[in-house]
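Asks: predicted model, plus sequence, below.
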Number of protein chains: 2
Amino acid sequence: MSAKPFDAADFRRALGSFATGVTIITTRSADGTPFGLTVNSFNSVSLNPPLVLWSLATSSLSLPAFQSAPHWAVHVLAADQDGLSGRFAKRGEDKFAGLDIETGVEGVPLLRGCMARFQCRTAFQYEGGDHVIFIGEVLSFDRNDAPPLVFHGGKYAHATLRDPPDLQPRSAHLAGSFGDDFLGYQLGRSHFRFLAQIRRYLTDAHLSDEDFYVLSALTLKARLTVADLDAGMAGILDESGHRALASLIERGLVRSSATDKQIYELTDSGRDSALRVISAAKAVEQQVLHRLGPGEAPVLKSLLARLLNVIDPAANALWQEKNADEGAPAAAHMR
Amino acid sequence: MSAKPFDAADFRRALGSFATGVTIITTRSADGTPFGLTVNSFNSVSLNPPLVLWSLATSSLSLPAFQSAPHWAVHVLAADQDGLSGRFAKRGEDKFAGLDIETGVEGVPLLRGCMARFQCRTAFQYEGGDHVIFIGEVLSFDRNDAPPLVFHGGKYAHATLRDPPDLQPRSAHLAGSFGDDFLGYQLGRSHFRFLAQIRRYLTDAHLSDEDFYVLSALTLKARLTVADLDAGMAGILDESGHRALASLIERGLVRSSATDKQIYELTDSGRDSALRVISAAKAVEQQVLHRLGPGEAPVLKSLLARLLNVIDPAANALWQEKNADEGAPAAAHMR
């Protein structure tokens, strides 16, 4: 790493290496118009007196409102408020339209569902190059436990706590053996132990693991060929999938389609059976994820989805394509 | 959420809900003494001129050095620099002892291995209650791609990027079917597909999946009873574990101990076989984690360890206890 000549885009990238939370800062101008913008230059300054700061570009259309406003509020956003972040990062439109707004000190508009809110009186305004630094004295605040929205490298990120000390991996670096942080072990054991919690419902329904996989696949694609099944289950079921299919047919849970013998579908009792087991499995999942923690669960799922994309890009064979589109904010006040 | 009366500890907690990166700020006093401290009140201010800021408690022993220093450097820490963060968060001792220091502008000490470094000239010092706000003009900077060290709620955290748009879950909320973000599906498929990449090495060694599990367990505990095996493999192998053990004995890979027939151990050829497969499996793991990304891999492992702790607290049966101890910094300049 050696110092480089100065480049503005590169400077932005370097600044972006410092992770931040995301805030929305609101005020109301003298004529009653609400203002608000997404800001990640927030930070704490002083405990006594309680002071916080943030900075706003001198080019911002909101600058006059904040410069003349005696009060404003900082909202620290929770992980599920990326939509709100995006809305307040854009210029122009009525950002408050349709939102359920509370009224804070001196009429400052307050948003709901945030991790923390600080209602402030402007204490100082300082020069900061192409930005003005606002220092606010915190008059009141409130706080909610929630996972935070994080911004890093120009993108939204999740934050998860590091390992507690009692969860450090053991024997991880013994040559010739696996540590308990070997990925294959973690995946295998998690899979088997998760399945073990569902297996009692499978037993009640007289279903083997393989039956369960095939029934589940048939709830996704109402009409499945053996080729579909082979493609979707490659490396997982192989021949045992064919045996399970034959057994499900024999027991009247699956049948050949009336119009095409090569296509298989659930019978009514097969659908009943699948529904019962799937409901139970989803309940098990909810309990497990609840105990893992509300901040951790979505991150684990996101990382497993990415892992699967790495080790098995064809994993999606059984699901139809359906893309949602949501990127990071085109954020005038975030870098 | 309603505004509460003012409480200092609660105010700290509310401020801590805003996630930040972690920096170390260094300078050298007129007499040549290096100073450095861990700070999370850093933020960017201005692009043109390039300005950054941070704040330092008026009670800090380092304050006079920074107030009289014309130059200082900000180091944005990477995820693996928590040790450095802890060292510079403490008072008193020679924090630079034993570190490989570079020399920056005007002799300012520079640390290595950071995500970004900003060498600054003091532009302004502003009043900020019980802190002084330092505004620095950035004279030069450098940057490395690395996962960031994050601080949230008084603790270190990992940051991972959110789902790219093309990884949004499909069909997740259809009643009566699983989405591809169902945890059981993600774990099962990841496990099977990961194992599929190892299976070719197993086939070469004439080992079944179950043989592989038993051999791996025997590399951890040199002398294993059937009861150990049953406890460690509960819900995973059950009877097939006993069959695998018998088969491994028959093939001369495992034997009963000479002193106690109830205890099983690897033979030399069993150890060779295990070593070969374990090396191959670790290589597969490395490739997979490399493609997942350096920031994501440790977070996935950490979350899977926590998941396993939730669904299978007895999972550790096969590993001896060995705890590392490392907490968050007793950080004078972090909240």
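Replies: The structure has been received and is ready for your questions. Numbers count the residues shown, from 1 in each chain, chains lettered A, B, ... in the order given.

Asks: the residue nearest to A:Pro148 when sequence neighbours are not counted: neighbouring residues, count only.
Replies: Leaving aside its chain neighbours, A:Pro148 sits nearest to B:Ala19 (4.8 Å; criterion: CB to CB, 6 or more residues apart in numbering or on different chains). C-beta: built from backbone N, CA, C; applies to glycine. B:Ala19 has 27 neighbours, counted by other CB atoms under 10 Å in any protein chain shown.

Asks: ditto for A:Leu15
Replies: 25.

Asks: wasn't it part of a strand?
Replies: No - per DSSP: H, G, I helix; E, B strand; the rest coil, A:Leu15 lies outside any strand segment and is helix.

Asks: so A:Leu275, which of the three states?
Replies: Classified using three-state DSSP, A:Leu275 is helix.

Asks: is it correct that it is in contact with B:Gly176?
Replies: Yes - assessed by CB atoms under 8 Å, A:Leu275 is found in contact with B:Gly176 at 5.0 Å.

Asks: who does A:Trp54 bridge with?
Replies: According to DSSP bridges, the residues that bridge with A:Trp54 are A:Phe134.

Asks: quick one: it from A:Thr122, how far?
Replies: Per CB to CB, to the nearest Å, A:Trp54 is found 11 Å from A:Thr122.

Asks: what is in contact with these two at once?
Replies: Jointly contacting A:Trp54 and A:Thr122 under the rule CB atoms under 8 Å, 6 or more residues apart in numbering or on different chains are A:Phe134, A:Gly136.

Asks: which element, helix or strand, includes the residue nearest the centre of chain A?
Replies: Chain A has A:Pro298 as the residue nearest its centroid, 5.0 Å off, counting by CA atoms, centre = their mean. If you go by DSSP states H and E, A:Pro298 is part of helix A:296-311.

Asks: dihedrals phi and psi, the nearest residue to A:Asn48 once chain neighbours are set aside?
Replies: Taking CB to CB, 6+ apart, and ignoring the residues beside it in sequence, A:Asn48 has B:Asp130 as its nearest neighbour in space, at 5.4 Å. Here is the backbone geometry of B:Asp130 (degrees, to the nearest 10): phi -80, psi 10.

Asks: what's the average pLDDT for the host helix or strand of A:Val288?
Replies: Under the criterion of DSSP H and E, A:Val288 resides in helix A:268-292. Across helix A:268-292, pLDDT averages out at 92.

Asks: would you mark the buried spots in it?
Replies: Using 16 or more other CB atoms under 10 Å in any protein chain shown as the test for burial, helix A:268-292 gives A:270-271, A:273-275, A:277-278, A:280-282, A:284-285, A:288-289, A:292.

Asks: from the contact counts, what lies against it?
Replies: helix A:183-204, helix A:209-220, helix A:296-311, helix B:183-204, helix B:296-311 (3 or more CB pairs under 8 Å, 6 or more residues apart in numbering or on different chains; DSSP states H and E).

Asks: which parts of the lowest-mean-pLDDT helix or strand in chain A are buried?
Replies: The weakest-scoring helix or strand in chain A, judged by mean pLDDT, DSSP states H and E, is helix A:226-233 (a mean of 79). For helix A:226-233, the neighbour count (16+ other CB under 10 Å) marks A:Asp228, A:Leu229, A:Gly232, A:Met233 as buried.
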